[in-house]
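Asker: here is the input, now give the coordinates:
(chains A and B)
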Amino acid sequence: MKLIKKQIPLAIVFITGVLTLVSYYVPNKTSVNYIETMNKWENIVVAFAFLLGLVSLFFSHYHKLKKKADGWGYSIFVFVGFFAIVIPAYVSGGKQMTDAGLTPLGWSFKYIYNALSGTMFAVLAFYIVSTAYRSFRIKSMQAFVLFVAAFILILGKVPLGQMIWDAVLGWTGAGVNNVIDWIMQVPAVAGKRGIMIGISIGAIVTSLKIIFGIEKQYMGKD
Amino acid sequence: MLNNKIKFNLLLLASFLTVSPVFAAKSAEAVKALKPALAPVTGLKAQDMPYDVGGAVLLTWDAEAAAPEGTLYRVFVSSLEAGGWLQTAAFASGEKMSKDMGLPFWAWKARGGMHALNVELNNIYGDFKDGPVFHFKITKVKGTVAAESETASSATVSNWFRLDRLNNLVLLIVIIVIFFWAVSHARRKGLFIRRIAGLDAIDEAIGRATEMGKPIFYVPGIGSMGSISTIASAFILGEVSKKVAQYDSQIKVPHYDPIVMTVCKEVVKQSYMEAGRPDSYREDINHFVSADQFSYAASVDGMISREKPAACFYMGYFMAESLLLAEVGATSGAIQIAGTDVEHQLPFFFTACDYTLIGEELYAAGAYLSKEPMLLSALKVQDFGKLVVMVSVFFGMILVALGAKFGWDGFVQGLLHLFRNY
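Answerer: Numbers count the residues shown, from 1 in each chain, chains lettered A, B, ... in the order given. Below is the predicted model of the structure:
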């Protein structure tokens, strides 16, 4: 049992991991074909796993409806939304557009799905404002630095701000656009690179932990 | 009358014979003046392009020291012994020099006074297999004058090693050696690991949820199982759900990716078993929501708004939904701990969450929480990697600055090659 549950999966992870790693240094067609095959397999597995997700979604909401759990009314919309796309897709043969114009599926996509997605994306604008307000509350030295940098950026992006800058700090000779460029290209890039270096090293080490079977929590410990 | 006509014709013939060589010479001189001679390209060599997957040929030829301004090179290729020439490239005489090949010094000997061109035959002949010999010639053109080179031939080969990535391989081998040294060292001796505030707050968040009798939301993001941050998130979920099981609290894990959901189900089930509470485990702890970014965000936002969780964890790969989720969580009054390696989403988490794990801290979190020496040892490798980068950056800066100051161009280029990704 341990062989099937532990050793064989670990061996698969090790062999696949090493081969994938080696393929980075081996440009040969064999290596390219191997990567292409792995990608195809991944797509196949994802397609089957999606069915699994769908079953999970339906069961979860079916049980909510059956038990009349809190917020069960929302679960109705899951089924309504599902059929509002699947039935038109079936009727339209999976096509969104024909010579005659939008198919029922195209209509559902354009007037239901895209509208709802656009609404969610638009909500971001309001959240950014409330987040900005929260981040502008100066509680520490770091928050003060963030505030100053953000304030200069906001000031420099509007004509009125540029006029204020020129009137108050024009004598320094440094235009607000120069200051913005410096903030974006020096401290911002330095911070970002620092984070990216840490991320890259962390990713290498995490990959090694998985390839060499030191980290195997994803398959249960024993 | 007839005699006069014969005399005139003879005179005309004699004068033509006398004058025509002069005209012929003058005409040749005039042409010579209009079309000056153009020396053809010399030293043309064709060879398989090294370190590639195949299907490319490297052409090299001597650069002209003082090529007339406006001189162009036209490169032709043919798969036939004679004829069938197709133009594959055309460029000015000062371009495509050997030093511009973009290969490091250990893989390519850049020579001054030499042109080098990578001819990718796939672009010309479509899908073709390595093996057949191709022929190349270069025509030098200046205005209306052209000079053709000798032909050079080569076949293409699919190579077995990217010598240009040797620096990367050496660094990887060094990291692997240190990795195993750290693992064996961790077995023998304990390791000191600095505190990470965001991870220490996990206990506090779970305790709060238990006291309030409210659920905990664990959002693993929109990454697939191939994303390192999602893998790290699964490790953290294991530790979080173990604590949740110990405190007999509730956890909900809405998913974007069905494969991640399947893996997380195993992880959570195992954690409940390890905590000695297999009876508390429910299949619907992990549930699939949607594989669409904004549908997922809308659904999770709705759940957070309705259920008012005591704590929200956002660990994994996030894009625009990061703020949509974190802001709703913040307004619901939950303790929020986030972690991602997507650096442009970090500011949103910083402002909307109580604690944020930055990139590498996310990777380290699973090991930090599990406190297993073998896993903790990997954190030491991360630290060593950062040390190497810091030292390299520090000395690299000094050496490059000195090189620029004293004109050590070769040295500076060599140094930059060492740290470049090919």
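Asker: which SS class is the one residue in the stretch 1-150 of chain B that gets nearest to chain A?
Answerer: The minimum distance from the stretch 1-150 of chain B to chain A, using C-beta to the nearest C-beta, falls at residue B:53 (4.6 Å). C-beta: built from backbone N, CA, C; applies to glycine. Under DSSP: H, G, I helix; E, B strand; the rest coil, residue B:53 falls in the coil class.
Asker: tell me the contacts of it?
Answerer: A:27-29, A:32, B:158-159 (C-beta atoms under 8 Å, 6 or more residues apart in numbering or on different chains).
Asker: output the longest strand belonging to chain B.
Answerer: As assigned by DSSP state E, the longest strand anywhere in chain B is strand B:133-142.
Asker: beyond the lowest-mean-pLDDT helix or strand in chain B, next helix or strand please.
Answerer: Least confident helix or strand, chain B: helix B:2-34 with a mean of 50, by mean pLDDT, DSSP states H and E. Moving toward the C-terminus from helix B:2-34, the next helix or strand (DSSP states H and E) is strand B:45-48.
Asker: run the chain-centre distance for that following strand.
Answerer: 27 Å (C-alpha atoms, centre = their mean, to the nearest Å).
Asker: so does stretch B:182-202 get close to chain A?
Answerer: Yes: if you take C-beta under 8 Å from any C-beta of the partner chain as the test, stretch B:182-202 does meet chain A, through residue B:183.
Asker: so where's chain A uncertain?
Answerer: Chain A contains residues with pLDDT under 70 at A:1, A:220-222.
Asker: centroid-nearest residue for it?
Answerer: Residue closest to the average C-alpha location in chain A (C-alpha atoms, centre = their mean): residue A:121, at 13.5 Å.
Asker: and the pLDDT for the residue lying closest to that one once chain neighbours are set aside?
Answerer: Once flanking residues are discounted, residue A:121 sits nearest to residue B:294: 6.3 Å by C-beta to C-beta, 6 or more residues apart in numbering or on different chains. In this model, residue B:294 is scored at 92, pLDDT.
Asker: can you pull the phi/psi pair for residue B:185?
Answerer: Note on residue B:185: its backbone torsions stand at phi -70, psi -40 [degrees, to the nearest 10].
Asker: just checking, what packs against the helix or strand that contains residue A:166?
Answerer: Element membership of residue A:166, judged by DSSP H and E, is helix A:159-169. The contact analysis (3 or more C-beta pairs under 8 Å, 6 or more residues apart in numbering or on different chains; DSSP states H and E) places helix A:159-169 against helix A:141-156, helix A:176-185.
Asker: now the strands for the chain?
Answerer: Here I'm looking at chain A. A:97-98, A:101-102.
Asker: wrong one, I was asking about chain B
Answerer: So, for chain B - with DSSP E - the strands run B:45-48, B:56-62, B:72-78, B:86-92, B:114-120, B:133-142, B:145-148, B:152-155, B:216-221, B:251-255, B:286-288, B:311-317, B:335-340, B:355-358.
Asker: what sits up against the shortest one?
Answerer: So that's strand B:286-288. Contacts of strand B:286-288 (C-beta under 8 Å, 6+ apart): A:52-54, A:56-57, A:60, B:252-255, B:258, B:261, B:264-265, B:268.
Asker: adjacent strands (with direction) for it?
Answerer: If you go by DSSP bridges, strand B:286-288 pairs up with strand B:251-255 (parallel).
Asker: angle of the helix holding residue A:166 against helix A:176-185?
Answerer: Orientation note: helix A:159-169 sits at an angle of 100 degrees relative to helix A:176-185 (axes from the mean of the first three to the mean of the last three C-alpha atoms, to 10 degrees).
Asker: what sits up against helix A:159-169?
Answerer: Outside helix A:159-169, the residues that touch it by C-beta under 8 Å, 6+ apart are A:154-156, A:175-177.
Asker: in it, what counts as buried?
Answerer: Neighbour-count burial for helix A:159-169 flags A:161, A:165 (criterion: 16 or more other C-beta atoms under 10 Å in any protein chain shown).
Asker: tell me how far it lies from the chain's centre.
Answerer: Distance, centroid of helix A:159-169 to centroid of chain: 38 Å (C-alpha atoms, centre = their mean).
Asker: and for stretch A:50-62?
Answerer: So, by C-alpha atoms, centre = their mean, the centroid of stretch A:50-62 is 22 Å from its chain's centroid.
Asker: what residues does that stretch touch?
Answerer: Contacts of stretch A:50-62 (C-beta under 8 Å, 6+ apart): A:75, A:78-79, B:255, B:257-258, B:261-262, B:284, B:286-291.
Asker: if we use 7 Å, what do you get?
Answerer: The contact list for stretch A:50-62 (C-beta atoms under 7 Å, 6 or more residues apart in numbering or on different chains) reads A:75, A:78, B:258, B:261-262, B:284, B:287-288, B:291.
Asker: so for that stretch, what gets flagged as buried?
Answerer: Going by 16+ other C-beta under 10 Å, stretch A:50-62 has these buried residues: A:53, A:56-57, A:60-61.
Asker: assess the claim that residue B:240 and residue B:199 are in contact.
Answerer: No: counting by C-beta atoms under 7 Å, residue B:240 stays clear of residue B:199, with 10.0 Å between them.
Asker: the more surrounded of the two?
Answerer: It is residue B:240, of residue B:240 and residue B:199, that has more neighbours when counted by other C-beta atoms under 10 Å in any protein chain shown, with 28 against 21.
Asker: ok, that one - contacts?
Answerer: Residue B:240 neighbours (C-beta under 7 Å, 6+ apart): B:202, B:218, B:313.
Asker: now, among those residues, which is nearest to residue B:127?
Answerer: residue B:218 (47.3 Å; C-beta to C-beta).
Asker: flag the shaky bits of the stretch 101-250 of chain B, pLDDT-wise.
Answerer: In the stretch 101-250 of chain B (pLDDT under 70), the answer is B:190.
Asker: kindly report the residues of it close to chain A.
Answerer: B:158-162, B:165, B:169, B:175-176, B:179, B:183, B:228, B:231-232, B:234-235, B:238 (C-beta under 7 Å from any C-beta of the partner chain).
Asker: of the residues you listed, which belong to helices?
Answerer: Per DSSP state H, helices hold the following members of those: B:169, B:175-176, B:179, B:183, B:228, B:231-232, B:234-235, B:238.
Asker: give me the distance between residue A:187 and chain B.
Answerer: For residue A:187, the distance to chain B equals 14 Å [C-beta to the nearest C-beta, to the nearest Å].
Asker: out of the contacts of stretch A:50-62, what pair is the most spread apart?
Answerer: Going by C-beta to C-beta, the pair spanning those furthest: A:75 and B:262, at 22.3 Å.
Asker: follow-up on the earlier one: closest to residue B:394 out of the helices and strands packed on helix A:159-169?
Answerer: Once the helices and strands packed on helix A:159-169 are compared by C-beta to C-beta, helix A:176-185 is nearest, at 20.9 Å.
Asker: next, the angle from the closest one to helix A:141-156.
Answerer: Using the same axes, to 10 degrees: helix A:176-185 against helix A:141-156 is 140 degrees.
Asker: and helix A:176-185, which residues are buried?
Answerer: Residues of helix A:176-185 classed as buried by neighbour count (16+ other C-beta under 10 Å): A:176, A:179-180, A:183.
Asker: now the residues you listed in JSON lines, with distance to chain B?
Answerer: Formatted as JSON lines, these follow (distance: C-beta to the nearest C-beta, whole Å):
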{"residue": "A:176", "distance to chain B": "21"}
{"residue": "A:179", "distance to chain B": "20"}
{"residue": "A:180", "distance to chain B": "17"}
{"residue": "A:183", "distance to chain B": "14"}
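Asker: in JSON lines, list those along with distance to residue B:99.
Answerer: Shown next, in JSON lines, are those (distance: C-beta to C-beta, whole Å):
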{"residue": "A:176", "distance to residue B:99": "41"}
{"residue": "A:179", "distance to residue B:99": "38"}
{"residue": "A:180", "distance to residue B:99": "37"}
{"residue": "A:183", "distance to residue B:99": "36"}
